[in-house]
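>>> From the sequence below, what's the structure:
(chains A and B)
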Amino acid sequence: MKLSALQQSYLTRRANSFRGSAQLDSSGDAAVKSPAAIFWLVIHGVCCLISLVLGFRFSRLVFFFLFSANLYTAPFRGGAEVAAPLDVPPPANRTVASRVVVGRHGIRIRPWPHPDPVEVMKAHSIIERVQREQRTLFGVKNPRTVIAVTPTYVRTFQTLHLTGVMHALMVVPYDLVWIVVEAGGVTNETASIIAKSGLRTIHVGFSQRMPNSWEARHKLESRMRLQALRIVSKEKLDGVVVFADDSNMHSMELFDEAQNVKWIGAVSVGILLHSEEPSAMVQREEEGVSVPVQGPACNATDKFVGWHTFNSLLYTGRSAVYVDDRAPVLPRKLEWSGFVLNSRLVWKDVDGKPEWVKDLDALGGVDEEIESPLSLLKSSSVVEPLGNCGRQVLLWWLRVEARTDSKFPSRWIIDPPLDITIPSKRTPWPDAPPELPSNEKVLIGTQEQTNKPSTRTKTPRSRRSRSKRKHDTKVIGVQVSTKSEQN
Amino acid sequence: MDFWKVGFLGLLCAASVFATGAVELGRHQPTERISGSAGDVLEDDPVGRLKVFVYELPSKYNKKILQKDPRCLTHMFAAEIFMHRFLLSSPVRTLNPEEADWFYTPVYTTCDLTPNGLPLPFKSPRMMRSAIQLISSNWPYWNRTEGADHFFVTPHDFGACFHYQEEKAIERGILPLLQRATLVQTFGQRNHVCLKEGSITIPPYAPPQKMHAHLIPDKTPRSIFVYFRGLFYDVGNDPEGGYYARGARAAVWENFKNNPLFDISTEHPTTYYEDMQRAVFCLCPLGWAPWSPRLVEAVIFGCIPVIIADDIVLPFADAIPWEEIGVFVDEKDVPQLDTILTSIPPEVILRKQRLLANPSMKQAMLFPQPAQPGDAFHQVLNGLARKLPHEKSVFLKAGEKVLNWTAGPVGDLKPW
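Model prediction:
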């Protein structure tokens, strides 16, 4: 195989290099095959056979020994050809020697061709500097502070949702103020999460606790957001207000578009309804429903003409009522998170406020339901559609919560550490059999202790674990049962 | 009173001048003026500084060849055809050869294409020779100077050496008949047989409309550090490696294929142009010849070109200060490419990007149809204008002959 490959490559190379000249040169004297031509042909054939036998082009050796005296303009020739010995070309008369040499060069590979971490960091800082320059040149001129408003409360999925929002806000390239309103009062739990952000935060409590039904929860969240707007008004925070609900997903373009808002803008929100029973899914697919989108609607000339709202009729009777129902959670007609406000709209006693905005204090009575910031306006035609007139979906709305009776360790730190007991047929652990330990449940709880292991191997292990615990409560041990015990 | 009036008027004029100057600065991305060794010449207007006479050759030298293979209009050697078309309708063209400073011969030597689209240069010397014989016998201007005030466009791999293999090209040397003429070519390498003193280096042809159709918004952040798409090994012609690109491309691959900062591969993505606009550095290593259209693409898309080709002469080298715009890396330093690129201070990188953003820089690399001010056609004419006036010595006395019409390989002497 190797031989034939060599031969083939050799032939193709010759073919390539001589394809033109062969046509030109042989055209003239192809008529008579001179004895010289036949002689060379025979020699060529013999040499080819010898090469075949030996396994390499021995012609190089031959020419090396025969013509070693002439060999010098080696840079010119990449390898001797067998048949016609080329006339060694006279070295070109050049006044200045070029340092660039034609011919085969080695491929230089350094001893450890892998990235050096220091250089990688330098490269990233270069990229970051270039992007900062790009933003200064082509991005928003005079970017305004982003004021993010997040209503939250302590529950199992709070860390999950809040960390997502926090990471999104940490990457925003503009100045940011994060107003976190917590139902049930300020807690250390929430404070510890948002302290990790490094952002400027305003953490306030709301006296009422978060109720259990979605209806009531939406109402309470609206009131919490109004509370945040009151803070904006009182502190005279200047910038753009973005409603970042803690379970939503935001794209960075949302914050870029928010910079363009004059007074009040609306963006398109994708509504993610979490999955349902398979049977319901099939029916849904037949209807051909894709992800519903809420947001401003524009006509062909990019004029704002109305709204795409959420059609909850499709889901009547199938939607969740309580926070931990397994049915899809429906949004309101227009969610708060789809709106972006200029913070000056809620300021008191400031000039330049447009006359179509109502005073913040006039809203928010206990009975009044504020569904969306549109209640702040006397007429909704002044809304500016953002994100290419609503064609870009800039954030996604989702509500997912764990069961109300689910418990989680405070700040997700397991203290004291657990005793984990997992049955295994043989030690060490990596060789454990594929079947998982049967009925082994480890329930984590702030007050509850670890659950008793399964009944099968209950007696010996529990005895062992209990005795172990007596001596040393801090050790996390892997209890291994021997084969005999299993049987 | 008059004095005050004059003073007031003067103040008004000065104010208006300053105002327009200030407005101009503030509009787009701040750019820097580009001035090479010949000065700030990119925006010079050649009209009025030179006159070019275009010989009328029979169509077998130009139109018929193009008709046989219209692919010549889109490949990277298309500059010779577009130069001809530009000159025919340009204001520098004169129909009176007596007042011409330069003479142009429209012969398309790079239009004999293989089925794959690569030009075969084997008939080109004969074609050129036949054209020169024609003009020398039908007009007296060739014999007057033996071609010293004539220019030819030879955009092939090694210019007027008319071969794609470097050793063969060096063996042949520049066609003897073109010894005294000015060559406008893409090939440029210092101390090389195929680069004549006084040649004008031009960029290879890259289709302007195609590139402008793939522009992405300026604010898209540049997140790729180094970008390259192309061959590293030419398995068909150089299976053992080491010949192609003098081993430099292979060295790039072997050293940096595992480096996440280097986005390099042999793929042909459809988003090639868009990706270049998202990269900070674009590699432009040599291939079989030192020049490549990648340089043009890098300049148009604002990606800093990293040129890996020893002793290369870049297009319009006297008008464009390439040292300040691109990064030059010796072939022997390729294994340290990442160290070299990461040790460039960010201010230098930002300055290079500002220079690249200069619209006259981008315009100078293109051959748009129809021609626009400041484009490559005009830079060629500027280059020719800078060589004027011709020295008295180029005009030969009666009976004086310099060129040897029978020099060169025997095959070249056959009529075409």
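
>>> CA atoms for contacts and neighbours, from now on please.
Fine.

>>> Which parts of the stretch 251-400 of chain A are strands?
A:264-266, A:268-271, A:293-298, A:304-308, A:339-342, A:384-385, A:393-397 (DSSP state E, counting those that start in this stretch).

>>> can you give me the helices in the stretch 151-300 of chain B?
Listed in chain order, the helices of the stretch 151-300 of chain B (DSSP state H, counting those that start in this stretch) span B:166-172, B:208-212, B:248-256, B:272-276, B:294-300.

>>> Chain A: which of the ones you listed is closest?
helix B:248-256 (4.8 Å; C-alpha to the nearest C-alpha).

>>> before we move on, the earlier item: looking at the helices of the stretch 151-300 of chain B, which has the lowest confidence?
Per-stretch mean pLDDT for the helices of the stretch 151-300 of chain B is lowest at helix B:166-172 (a mean of 88).

>>> low-scoring stretches of the chain, by residue?
Going with chain A. Scanning chain A for pLDDT under 70 picks out the ranges A:1-33, A:56-98, A:274-289, A:317, A:364-369, A:421-487.

>>> You answered for a different chain; I wanted chain B.
For chain B, the stretches flagged by pLDDT under 70 are B:1, B:6-28.

>>> Which segments of it make up each domain?
For chain B, automatic domain parsing gives the domain ranges B:2-30+B:207-363, B:42-205+B:372-402.

>>> quick check, the last one touching chain A?
Yes: taking C-alpha under 8 Å from any C-alpha of the partner chain as the criterion, domain B:42-205+B:372-402 and chain A are in contact, through B:122, B:166-167, B:171, B:190-192.

>>> same check, this time on the shortest one
Yes: contact between domain B:2-30+B:207-363 and chain A is present through B:29, B:218-219, B:221-223, B:225, B:236-239, B:241-243, B:246-248, B:250-251, B:254-256, B:258-261, B:280, B:310-311, B:332, B:334-335, B:338-339, B:342-343, B:346, B:350 (criterion: C-alpha under 8 Å from any C-alpha).

>>> Tell me which of the residues you listed fall in strands.
In strands, judged by DSSP state E, the following of the residues of domain B:2-30+B:207-363 next to chain A are found: B:225, B:280.

>>> what sits against residue A:213?
For residue A:213, the contacting residues are A:321-323, by C-alpha atoms under 8 Å, 6 or more residues apart in numbering or on different chains.

>>> Closest one to residue B:138 out of the residues you listed, please.
Taking C-alpha to C-alpha as the measure, residue B:138 lies nearest residue A:323 of these, at 96.4 Å.

>>> can you count the residues close to the closest one?
Using other C-alpha atoms under 10 Å in any protein chain shown, residue A:323 has 20 neighbouring residues.

>>> and if you look at residue A:214?
With other C-alpha under 10 Å as criterion, residue A:214 counts 20.

>>> didn't it look like it was pressed against residue A:319?
No: between residue A:214 and residue A:319 there is no contact under C-alpha atoms under 8 Å: 10.0 Å.

>>> which neighbours do the two share?
Shared contacts of residue A:214 and residue A:319 (C-alpha under 8 Å, 6+ apart): residue A:329.

>>> quick one on the thing from earlier: can you redo the helices of the stretch 151-300 of chain B as JSON lines with mean neighbour count?
Shown next, in JSON lines, are the helices of the stretch 151-300 of chain B (neighbours: other C-alpha atoms under 10 Å in any protein chain shown):
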{"stretch": "helix B:166-172", "mean neighbour count": "18"}
{"stretch": "helix B:208-212", "mean neighbour count": "12"}
{"stretch": "helix B:248-256", "mean neighbour count": "24"}
{"stretch": "helix B:272-276", "mean neighbour count": "19"}
{"stretch": "helix B:294-300", "mean neighbour count": "24"}
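
>>> What sits closest to residue B:326 if chain neighbours are left out?
Spatially, and ignoring its direct neighbours in sequence, residue B:326 is nearest to residue B:305 (5.0 Å; C-alpha to C-alpha, 6 or more residues apart in numbering or on different chains).

>>> The one you found should be in a helix, yeah?
No: using DSSP: H, G, I helix; E, B strand; the rest coil, the assignment for residue B:305 is strand, not a helix.

>>> What are the neighbouring residues in contact with it?
Contacts of residue B:305 (C-alpha under 8 Å, 6+ apart): B:281-284, B:295, B:298-299, B:325-327.

>>> Looking at the helices of the stretch 151-300 of chain B, spot the one closest to residue A:313.
helix B:272-276 (44.0 Å).

>>> Could you give the separation of that closest one from the chain centroid?
21 Å (C-alpha atoms, centre = their mean, to the nearest Å).

>>> ok, and what's touching it?
Contact partners of helix B:272-276, identified using C-alpha under 8 Å, 6+ apart, comprise B:211, B:214-216, B:227, B:229, B:282, B:297-298, B:301, B:303.

>>> Give the ChimeraX command for selecting the buried subset of those.
Remark: buried members of the contacts of helix B:272-276, expressed as a ChimeraX selection using 16 or more other C-alpha atoms under 10 Å in any protein chain shown:
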select /B:227,229,282,297,298,301,303
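
>>> Out of the contacts of helix B:272-276, which is nearest to chain A?
Comparing the contacts of helix B:272-276 against chain A with C-alpha to the nearest C-alpha picks out residue B:303 as the nearest, at 11.6 Å.

>>> Next, give phi and psi for the closest one.
With angles defined as degrees, to the nearest 10, residue B:303 sits at phi -100, psi 130.

>>> and if you look at residue B:271?
phi -100, psi 30.

>>> show me what contacts it?
Applying C-alpha under 8 Å, 6+ apart, no residues contact residue B:271.

>>> before we move on, what about the one 10 residues further on?
Residues counted as contacts of residue B:281 (C-alpha under 8 Å, 6+ apart) are B:224-227, B:303-306.

>>> Who does it form a beta bridge with?
Residue B:281 forms beta bridges with residue B:226, residue B:304, as assigned by DSSP bridges.

>>> All set, thanks.
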